[in-house]
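> coords please:
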Amino acid sequence: MFVMPLFFFMSGYCFKDSYLSDGRAFAMKRITGIYWPYLKWSLLFLLLHNIFFHLNIYSDEYGFSGRTSELYTSSDFLKRIISITTKMQGHEQLVGGYWFMKQLFVGSFFFYLLAKLLHGSFWGVGVLLLATISLSFFDWHLPYFGIGSREFFAATFLYIGYLYKHRHWTWHRHIGINMVALVLMVIGSVFWFTTMHDYEYWKVLPYALSAVLLVLTLLHLSERIAKRGRNYFVGFLLFTGDHTMEVLTWHMLSLKIVSLLIIAFYGLPIKQLSEFPVIEVYAHQGWWVVYWIVGVGIPIAGTFGYHQICNVKTS
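Have a look, this model is predicted:
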């Protein structure tokens, strides 16, 4: 109900006003911070596809929502390289979490243009919401590139996050708003439950409202943790936040470790390792806890260890 809006909101919240007078610096920051990591890791995982297929991480029997895989030919590799490079689409299942990076990359430019043209006016939110609803209603996308309502929806939350920080609003500290947010979360989960990946036009406004209020509630909670939380816990959150790209990149592959344990424990066929993102039947039986711990813990531990080794080498 609010995870992706939170991500976009905070991207706008952390936007530096100095970029408004230096478009080139903003563009380079987006290219090096979003497009290049997407391109680098997507191409690496693509090149490893056939190896993963032979290791049963991909298979022609199991996959994601019924979509299985196959060995790639030279032509398949070429088509996907072109798609990844030009459209930010076609990346591998193991980096399926990258789906939103195109929305963040393209949406940030929509946000930037409106923020610069409207000088941070609240009207920018209305323009972006109208574009989101209209494009969703007509199901229109820019030919070939596939840019449509999702990019404008991402820009909406970017713009709201920027406004919130730029105007020094403190609405998140009001308990009443937090209570309304929790009520809307419960109601919304029944009447307008959706995600930023797939939604209907009429859900845009109620979803946006409930998502923003939930983000503000999380801001309130974060302030309390920052003030009263133990140093090691706050430090862990800060380190994780600084390395979300690493978590996103290695998350799916780390989950396969738990799937291997389940296969060994219950005597399942090895090809079931390719069920994405988890072996769903067993995840619902309590294994989701192990999936969650390993899926986040392994990338964080690996990243921490890597940085420790680098620090030793440079010291």
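
> list the buried residues for stretch 38-51?
Tyr38, Leu39, Trp41, Ser42, Leu43, Phe45, Leu46, His49, Asn50 (16 or more other C-beta atoms under 10 Å). Just so you know, the C-beta spots here come from the backbone N, C-alpha and C atoms, and that holds for glycine as well.

> make that stretch 189-209, sorry
Trp192, Met196, Tyr199, Lys203, Val204, Tyr207, Ala208.

> please tabulate the buried residues of stretch 38-51 in CSV and include secondary structure, pLDDT and distance to Asn311 as additional columns.
As requested, those are exported to CSV (DSSP: H, G, I helix; E, B strand; the rest coil; pLDDT from 0 to 100; distance: C-beta to C-beta, whole Å):
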residue, secondary structure, pLDDT, distance to Asn311
Tyr38, helix, 97, 27
Leu39, helix, 98, 28
Trp41, helix, 97, 23
Ser42, helix, 98, 29
Leu43, helix, 98, 29
Phe45, helix, 98, 28
Leu46, helix, 98, 32
His49, helix, 98, 34
Asn50, helix, 98, 36
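
> now do the contacts for Phe137.
For Phe137, the contact set (C-beta atoms under 8 Å, 6 or more residues apart in numbering) comprises Tyr201.

> secondary structure element for the residue positioned nearest the centre of the chain?
What sits nearest the mean C-alpha location of the chain, by C-alpha atoms, centre = their mean, is Phe100, with 5.0 Å. Per DSSP states H and E, Phe100 falls inside helix 99-117.

> got the contact list for that helix?
4, 7-8, 11-12, 15, 19-20, 23, 26-27, 30, 34-35, 37-38, 87-89, 124, 127-128, 147, 150-155, 158-159, 162, 196-197.

> those, buried ones only, as a ChimeraX selection?
Those of the contacts of helix 99-117 that count as buried under 16+ other C-beta under 10 Å are selected in ChimeraX with:
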select :4,7,8,11,12,15,19,26,30,34,35,37,38,88,124,127,128,147,150,151,152,153,154,155,158,159,162,196
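
> gap between the host helix or strand of Cys310 and the chain center?
Counting by DSSP H and E, the element that carries Cys310 is helix 288-314. Its chain's C-alpha centre and that of helix 288-314 lie 19 Å apart, by C-alpha atoms, centre = their mean, to the nearest Å.

> which residues in this structure form helices?
3-13, 23-30, 36-47, 49-54, 74-87, 99-117, 123-138, 149-166, 175-191, 204-228, 231-242, 244-266, 280-282, 288-314 (DSSP state H).

> pick the most deeply packed of the ones you listed.
helix 149-166 (a mean of 25; mean count of other C-beta atoms under 10 Å).

> show me what it is packed against.
Contact analysis of helix 149-166 by 3 or more C-beta pairs under 8 Å, 6 or more residues apart in numbering; DSSP states H and E lists helix 3-13, helix 99-117, helix 123-138, helix 204-228 as its packing neighbours.

> tabulate these (TSV), appending mean pLDDT.
Converted to TSV, the helices and strands packed on helix 149-166 look like this (pLDDT from 0 to 100):
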stretch	mean pLDDT
helix 3-13	95
helix 99-117	97
helix 123-138	97
helix 204-228	94
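
> same list (these) but as JSON lines, adding distance to Lys271.
Below are these laid out as JSON lines (distance: least, C-beta to C-beta, whole Å):
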{"stretch": "helix 3-13", "distance to Lys271": "31"}
{"stretch": "helix 99-117", "distance to Lys271": "25"}
{"stretch": "helix 123-138", "distance to Lys271": "38"}
{"stretch": "helix 204-228", "distance to Lys271": "38"}
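
> nearest to Val294, of those helices?
Checking the helices and strands packed on helix 149-166 against Val294 by C-beta to C-beta gives helix 3-13 as the closest, at 19.5 Å.

> kindly export that closest one (C-alpha atoms) in PDB.
Listed next in PDB are the C-alpha coordinates belonging to helix 3-13 (Å, rounded to 0.1, in the frame of the first residue of the first chain):
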ATOM      1  CA  VAL A   3       6.300   0.800  -0.100                       C
ATOM      2  CA  MET A   4       7.000   2.100  -3.600                       C
ATOM      3  CA  PRO A   5       5.400   5.500  -2.900                       C
ATOM      4  CA  LEU A   6       7.700   5.800   0.100                       C
ATOM      5  CA  PHE A   7      10.700   5.100  -2.100                       C
ATOM      6  CA  PHE A   8       9.700   7.800  -4.700                       C
ATOM      7  CA  PHE A   9       8.600  10.200  -1.900                       C
ATOM      8  CA  MET A  10      12.000  10.000  -0.200                       C
ATOM      9  CA  SER A  11      13.800  10.500  -3.600                       C
ATOM     10  CA  GLY A  12      12.000  13.800  -4.000                       C
ATOM     11  CA  TYR A  13      12.500  14.600  -0.300                       C
END
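
> tilt between it and helix 149-166?
50 degrees (axes from the mean of the first three to the mean of the last three C-alpha atoms, to 10 degrees).

> ok so, going back, name the helices or strands packed onto the helix holding Cys310?
For helix 288-314, the packing partners by 3+ C-beta pairs under 8 Å, 6+ apart are helix 231-242, helix 244-266.
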